[in-house]
Structures are given as structure tokens and as C-alpha cells.
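1. below is the sequence, then the predicted model.
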Amino acid sequence: MIADNDITPILQEQVAAGIAAQESLNIVGGGSKAFYGNPANGKLLSTASHTGVIAYEPSELCITARSGTRLQDIEALLAANGQMLAFEPPCFGPESTIGGAVAAGLSGPGRAWRGAARDHVLGVRLVTGYGKTAAFGGQVMKNVAGYDISRLLSGSMGTLGLILEVSLKVLPRPATELTLTLEMPDQEAYELTTTMRRSTFPLSATCYFDGCLYLRLSGEPSHVFASHRKIGGDPLNNPDQFWMALRNQTHEFFQQYDRPLWRLSFPPATSVVSRLEGNSLIEWGGSQRWIYTNIPTNLIRNIAQKGNGHATLYRGSLPGVNPFHPLPGNLLAAQQRLKRAMDPHGIFNPGRMYKDW
Amino acid sequence: MKTSPDQKKQLLQHLADILPPNAILTAREDLRPYECDGLTAYRHVPLAVVLPTTIEQVQLAVKICNRLKIPVVARGAGTGLSGGALPHEDGIILSLARFNQILAIDTDNLTARVQPGVRNLAISQAVDHLGLFYAPDPSSQIACSIGGNVAENSGGVHCLKYGLTVHNVLEIKLVTIDGELMTIGSDRLDTPGYDLMALLTGSEGMLGIVVEILVKLTVKPETVQVLMAAFDKVNDAGDAVAAIISRGIIPAGLEMMDNPAIRAAEDFIHAGYPLEAGAILLCELDGSEDEVSEQTAKVTAILKKHHASNVHVAKTATERARLWAGRKSAFPAVGRISPDYYCMDGTIPRKHLAEVLQKINEFSQQYALGVANVFHAGDGNLHPLILYDANRPGELEKAERFGADILALCVKVGGSITGEHGVGHEKLDSMCVQFGEAELEVFHAVKRAFDPDELLNPGKAVPTLHRCAELGAMHVHHGQLSHPELPRY
């Protein structure tokens, strides 16, 4: 049972107080993603008790919930109706909230096929940097009235406004899922995934780890089983457990804490990236690569850039290193102007994305 | 913001320094074709039209305008329906029509790099032999440009499954008002920093000029099937749509037409629509052979259960094309039965469909103007076509008030004033219905962050607080705008 608890007036009051006192606020949902990005500072503002599902009708393919509603509660509600958040937001603990999932903008194993968090955001209600409540987007699939503030909020790490409510597109769970495993060297796995990108196989996730390519097929049973016959490979036992472990990073790969964990993002058809030492795990058909390494930051970022990609210091902090890949000057300036426009008093999670603002 | 003759002279001199003579239009007869876009009810003649061919020329032209504080209205193919490319009388039209090249096709990453003036359909045609297509397909796809699609975040009949423009564009090159070139987004699945791709898509030329676009290509499905179902009652058709989606089926397209729209289309195209039906649904399913035949059986059963009087499965590709042709030509078909029509673009949560259509019929009687409804039923996007005759005094204004009432109704049931056509010049007043001061404040702040002097497409998309305040007051006092014949900004 999800508690129906609207604390909008309290949250709005806290923002107003922050504006009046020119005091920074550190917006926290469940706090399960505190490790990601720059450390927060400012007065704690918790949305955790701002909970409740405001609207959910499965046939409308949309759910609207208060930001503090727990992600796992929403997942359970959707699952009971045969639906899901197709971007598979990682849930790093029972305390993870839906507001935090949107603010962090992280997406799970299906991202390359089903879209990212931002692709499923339909609307938000905020306390703005001007201290007012405002609603952008809505509960409908198509909506081009005004600038698309709601999708912009996804991945903004709470720096542009205090999210009160989110409306997300939901999708039916596939009728059938099957995960195939194929042992092969990395170059072969690269070639196979590149070929498959142009096929009509019902691929919905890939993972390459420890010499094995995992392919998740989702869809109507006939299509899934016919695809299995064409692709070959062995069905994986407990596939849901495997993908959930990847999504929530409870998989053994993510259990190493002796070195920084980097997340490299490349165009999907990027073959082997110069030999980075350390072990790695590749998702999203080649787009998302996780690597543990001690090599210097400028080197790893150069390697990423040479491959037309970028590198995020995902976990573990290094002195003087911004976790997020640096932006070109004019783009950084545009982002800073946008931040100032939406948060004129500079109170929302300052420094969380970029150190100086 | 009045441009003096001296400013105009300076402008033309400077433009002549950077552009060849055939890229600057100033003669009245050359400017006429640019005086409006697809919304022909509003017309302004711009100071000049420039037709650059290189990004550098765009940068220089924008720099000149910025220095002289001359408004810049970007224009693609000019097919927009909301007056987004309506010229500013004291500004220039920056036409991207000559940026018409497909620059690269990447079959490994499934992307195409294109110039903004490339027609939407031309992209799909260029990659057809590779088994690929560009998914968003606005009805105007034969003519509309991809740059315009980005500006409007265009949809189409396949949005429910394949997404809008914002889901299918990966990267853009943008010329900012100070003439700088900026790359936004990337060919990866994410980009560091704020998601400016989301913000820029659908920003209606208010924040920058899009000069290059990287689009995502989609693999063509193995097979496509189209079903047509006829219903006596619109309600039943609406319920059938909800039931299909509740069963976990996401059709590639799911379109509804009401009786007046059916009659107009049938009369024009002879698609084989049942003339007596209260509504028809067109349902397109795509995927593998097996998948499509499984879903066709499921959908047929659902349609029958919801009282479809007739469910017809297209037997051949020609028949499929004919069924779609009726829907895709609904607008021109309505154009044949009425001297003029005014196309609305509201979205609603689907569950309110019956109630909204009922209300629209009441408005229709109240204003004594006919209406035909076509509906992207899958995603709740309603296109009422209001029939009127511009030659009859006062009828356009009446049609506009009818339209505004429909949009207000859409907002009231939890929808939006525009699903895919944009606000442009047309829906500024309706924006005041959907948004309050708190939202407008943020929109204006965002605008200023990109365009502090408000030179890019000024006066469009976002109304001033003042305008909304006045409109609110007028609504209270009169229930309608006074002096509707006067141009409003």
C-alpha cells in the first residue's frame, strides 16, 4: 500500500525559505544515488515522505506519482497490471524514489531498444527556482505546448527545480522473454551485435561479460522462439534475476570497490576500444561500457573522445576530477545560463553536476 | 521593435556582403510566397528573405541581425499549421530550404546526417533499399522538412509505437543568436550535461537555428497488416482502443475518424469506408509474420467484442495503402466539402474521448459551424476540422472561437492545446488557458537564456504575462475577445 501523503506546502515553504535566506538546498529522495555525481552540499530537503500515486489507468499508458514514492512500489503496482517502466531505472535500494530516478536520469539494460528515462517522461510538477509550483508537460503522449521542461529535468540531478510529481509513460510487459547465452571472443560479439542491429530480432537487452554474450529477446512467443532457432545459443536459467542484477548493479561485476568504476558511452557500433586495462562489462549493444581502472583521468577521457565517446567517473571519487565529462566552452556556458534562468537564486543542489554552479 | 529605413538599408548592405545576390529576396513579388506558412489566415510580408547555402552564411547572417537587432524567423518548408513561420514585418525570413542534402548514412549505427531542408519522406526513401526508415511521419511528410520537424517536435500516425521527433533525433548543430555554432546531443545514447536536445526539440525556432541533424533510423518491420473496423457508436470505438492497449498490444498506428470525416474521405478517395458508420478505426500492426498474425487475431476479437459492426482485414498491399490513403487525405477531403477549414490539434487522455466529441458537437451547433473529427486514437491526439467560409464576414473569427473552446476543453480534461502542430502564432491565447504565471515565468527565463534580446521568432510560442492577464480579464468580462478582427501579438 502506497501512502497518500501530499506535503507540497511544506516543500514549497522550504524552497521559499531557501530563496529568502539565499541558502542552498540539498534535495534528496531516497539518497540511494548519493554516490553519483559531485557530493551535495546545502541544507537537506527530503522528498521521501511526499508519496502517493495520483493517477494510474493502465489503458492510458501513464502513471502520475509524487516524487517521494518508492520506485519498487511503483514497479510492483505496474507489474500487477502487466505493465512496466520500460527504461528500467536502476533501483539501488528499497528507499529509491521515482523522483530520484527521473532526476538522475539513469536507464537500465533495455535502454538501447526501449528508450531512456527522458523518453518516458510525459510531465512534471515542480517548485520552480522562483518558489512557485508549476506544471510542465502532462499525462498525454503528445504535447508540444511550451518548451519541453519535463524531459529537460531528466538527468538534471535536481539542479533545475524541486520535482513534486512526475508523469511517466508505461508500457505493457512483453508476452514472452528469453535470454540466450553465446560464449565468444569480444570481436565476434561486436560483429554479431552489429549485424543484429539491422535485423528484426526482438532484441531488448545485451550484455557482454567474461567471454559471454547475453541476448534478451522480448515479444510475442512465436517471434521469440523463431528468433532463438535462428540465432542459436543456450537459454539462460533465471534470466530475470540476471537482468535485474545488472540493472540494480547487484551483479558480481559491480561488487568491486578497490578501483574507480568508469562508465564509457560510445556510438553503438564501436568495436574494441584501445586496450584499457582492468575488467569490463558491455551493455546496450555496445553503447555503454563499464570499466574498472586506475589509469589517469585525462588518459581515459582521451581514449573515450578518440572513439567519439565520453567517460563518466561513475563510482569512486578522484581528487579534482569532475565525474561528468567536460563540455566544450560554448555548450558549458549555455548550460550555465539555463541553470541561472531556472534557478536564479542558485539554491537547487549547487555543485552536484558542475562544481562551480 | 520597429525597424527604421536606415536599419533596413544597413541590413541589406551587410547581407549583400556575405550572400550572393540570388540568396537575398527583397522585391515585393518575391516576398509574397513567404508571407504565411500552412496557416494561411495570418500573413505578414517580411523585410527580406535570405536563402543561405552554408552554415557559415547562416552564422554571419544571424550575427548581422543580432547587431542591428533585426528579428529572425527561420523557415523550413513552410507547411506548419500554427503560424510558427509567420514572418515578422520588421524582420527577415531565414529560409533553410537550400540545405537539402543528406550528408551521410551510417548503416552500422543506424543514423543519417541530414541538412534541415531535407524533406521528411526523402530520408525514408534514401534508406529504403537498406531496409530502414525514419519513423516520425507527419501527414505532410511529402513536403515538410526535417528542420521544421525538429522545431515543432512533429508526430505522425506511428508515434505510439515509434515515438515523436524528440525520440528519433540524436544530435543537432545549432546556430545561436550570437552566431556561434553549437553541437547539441550526440551519436551516443546519452550526452553529458543537461538534455538540451529535449529542450530544443519543439522549441519553434525561439532558441536557435537548427542547421544540421543526426536522425535515428529504424529497421523496417518484416510485415504490416491493416484492419478497419466500423462502429455505430463513437463510444464503442473509443472503448475498443482502450481494450487493445490494455491487452498489451501497441499497434504501429491506431486512427479514428467520425462520420463526417468518413464521408468526406470516402467521397474523395473511395477507400471503401462504410458511409453509415458512426466511427471507423484503422489499426496497423507490424512485426514478424507470426507476431502480426497472432496480434491480428487478438485485435479482431477485441474489436468484435466492442460491437464493431464490421472488421475488415486488408488482403493486399494495395488495399492497405487504400485504407490509409483515406485517412491521410482526410484534410484535403474536408477541403473539398467546405470552402475553408480550421484544423485543431488538442490532445486528451483517451478515456475522455466520448465526452469531448459530444461537447465538440454541442459547440458545433452553438456556433452553427460543421466539424469533422480525425483522431490519432492511440495517443489521444484529436484533429477536429472546423468547417467555415472565410468569405462570410465574421466566420473565421467564429471558427477561431470554436477552436479555442475545443482547446480549453482539452486542457480541462487533462490534455494539451497542441499535440504536434505547435503553438506558433495561432495558439498564444490558448497557452494562457493551459499555463499560469509560474510556468510562463520559466518559459520566458529559458528564452532569455538563449536569446536575451528576443530576436528569434519573437512573439511566437509563449505569450507574454501581460497578454494572458488581459485575456483573463476579457474572458471574465465578455467571454470572448473584443475586436477579434485586429491582429494580436
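-> Yep, it's here. Nothing here was measured: the structure is a model prediction, and the numbers come from that model.
2. what's the residue nearest to residue B:403 when sequence neighbours are not counted sitting at in phi/psi?
-> Leaving aside its chain neighbours, residue B:403 sits nearest to residue B:344 (5.0 Å; criterion: Cβ to Cβ, 6 or more residues apart in numbering or on different chains). Heads up, the C-betas are built off the backbone N, CA and C, glycines and all. With angles defined as degrees, to the nearest 10, residue B:344 sits at phi -100, psi 170.
3. ok, now residue B:229?
-> Dihedral pair for residue B:229: phi -120, psi 140, per degrees, to the nearest 10.
4. poorly predicted segments of chain A, please.
-> Along chain A, the model assigns pLDDT under 70 to residues A:273-278.
5. and the residue sitting nearest the centre point of it, what does it touch?
-> Centroid check for chain A by Cα atoms, centre = their mean gives residue A:106 as the closest residue, at 0.9 Å. For residue A:106, the contacting residues are A:33, A:36, A:89-90, A:117, by Cβ atoms under 8 Å, 6 or more residues apart in numbering or on different chains.
6. what do you get for residue B:310?
-> Counted by Cβ under 8 Å, 6+ apart, residue B:310 has contacts B:229-230, B:274, B:277.
7. would you mind giving the secondary structure of residue B:386?
-> Following DSSP: H, G, I helix; E, B strand; the rest coil, the label given to residue B:386 is strand.
8. pretty sure it is touching residue B:368, no?
-> No - judged on Cβ atoms under 8 Å, residue B:386 makes no contact with residue B:368 at a distance of 11.4 Å.
9. in a helix, residue B:8, correct?
-> Yes - assigned with three-state DSSP, residue B:8 falls within a helix.
10. contact residues of the stretch 1-150 of chain B facing chain A?
-> Residues of the stretch 1-150 of chain B found near chain A (Cβ under 8 Å from any Cβ of the partner chain) are B:106-110, B:130-132.
11. looking at those residues, which are in helices?
-> Using DSSP state H, no member of the residues of the stretch 1-150 of chain B next to chain A falls within helices.
12. domain ranges for the chain?
-> All of this refers to chain A. Using automatic domain parsing, the domain parsing of chain A gives A:8-172, A:176-315.
13. you looked at the wrong chain, it should be chain B
-> What automatic domain parsing lists as the domains of chain B is B:5-95, B:102-219, B:223-333, B:338-482.
14. now those as a markdown table including mean pLDDT?
-> A markdown table is the format used below for the domains of chain B (pLDDT from 0 to 100):
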| stretch | mean pLDDT |
| --- | --- |
| domain B:5-95 | 97 |
| domain B:102-219 | 97 |
| domain B:223-333 | 94 |
| domain B:338-482 | 92 |
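15. most tightly surrounded among those domains?
-> domain B:102-219 (a mean of 22; mean count of other Cβ atoms under 10 Å in any protein chain shown).
16. ends of that one, what's the gap?
-> Chord length of domain B:102-219, first to last residue, is 18 Å (Cα to Cα, to the nearest Å).
17. got it, and stretch A:34-43?
-> End-to-end span of stretch A:34-43 (Cα to Cα): 15 Å.
18. repeat for stretch B:337-354
-> 25 Å.
19. and that stretch, how far out from the chain's middle?
-> Taking Cα atoms, centre = their mean, to the nearest Å, the mean C-alpha location of stretch B:337-354 is offset from the chain mean by 14 Å.
20. didn't residue A:118 look like it was pressed against residue B:196?
-> No - in this structure residue A:118 lies outside contact range of residue B:196 using Cβ under 8 Å: 11.4 Å.
21. surely residue B:210 is in a strand?
-> Yes - under three-state DSSP, residue B:210 sits within a strand.
22. kindly state the beta-bridge partners for it.
-> According to DSSP bridges, the residues that bridge with residue B:210 are residue B:174.
23. got a list of what it touches?
-> By Cβ under 8 Å, 6+ apart, the neighbours of residue B:210 are B:74, B:96, B:116, B:147, B:150-151, B:172-174, B:200.
24. any idea how far it lies from chain A?
-> The span separating residue B:210 from chain A equals 15 Å under the rule Cβ to the nearest Cβ, to the nearest Å.
25. repeat that for residue B:94.
-> Using Cβ to the nearest Cβ, we find residue B:94 at a distance of 20 Å from chain A.
26. quick check on that residue: phi, psi?
-> According to degrees, to the nearest 10, residue B:94 has phi -100, psi 100.
27. so which strand or helix has residue 63?
-> Unless you meant another one, I'm taking chain A. According to DSSP states H and E, residue A:63 maps onto strand A:62-66.
28. other chain: chain B
-> For residue B:63, the host element (DSSP H and E) is helix B:55-68.
29. who's in contact with that helix?
-> Residues from elsewhere that reach helix B:55-68 (Cβ under 8 Å, 6+ apart): B:7, B:10-11, B:14-15, B:18-19, B:23, B:50, B:52, B:70-72, B:91-92, B:94, B:173, B:175-181, B:209, B:211-212, B:453, B:455.
30. which ones among those residues map onto helices?
-> If you go by DSSP H, those have B:7, B:10-11, B:14-15, B:18 in helices.
31. circling back: reformat the domains of chain B as a markdown table; add distance to residue A:138.
-> As requested, the domains of chain B are exported to a markdown table (distance: least, Cβ to Cβ, whole Å):
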| stretch | distance to residue A:138 |
| --- | --- |
| domain B:5-95 | 18 |
| domain B:102-219 | 14 |
| domain B:223-333 | 18 |
| domain B:338-482 | 5 |
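32. quick one: which of these is nearest residue A:248?
-> With Cβ to Cβ as the criterion, residue A:248 lies closest to domain B:102-219 of those, at 18.9 Å.
33. excluding sequence neighbours, find me the nearest residue to residue B:7.
-> For residue B:7, ignoring the flanking residues on the chain, the nearest one in space by Cβ to Cβ, 6+ apart is residue B:68 at 5.5 Å.
34. roughly how far apart are that neighbour and residue B:455?
-> Here residue B:68 is placed at a distance of 10 Å from residue B:455 (Cβ to Cβ, to the nearest Å).
35. how about residue A:339?
-> Distance from residue A:339 to residue B:455, by Cβ to Cβ: 23 Å.
36. same question for residue A:45.
-> Applying Cβ to Cβ, the value for residue A:45 to residue B:455 is 38 Å.
37. what's the most distant pair in the contacts of residue B:310?
-> Largest separation among those by Cβ to Cβ: B:229 and B:274, giving 9.9 Å.
38. show me the common contact partners of these two, please.
-> Contact criterion Cβ under 8 Å, 6+ apart; residues shared by residue B:229 and residue B:274: B:280, B:310.
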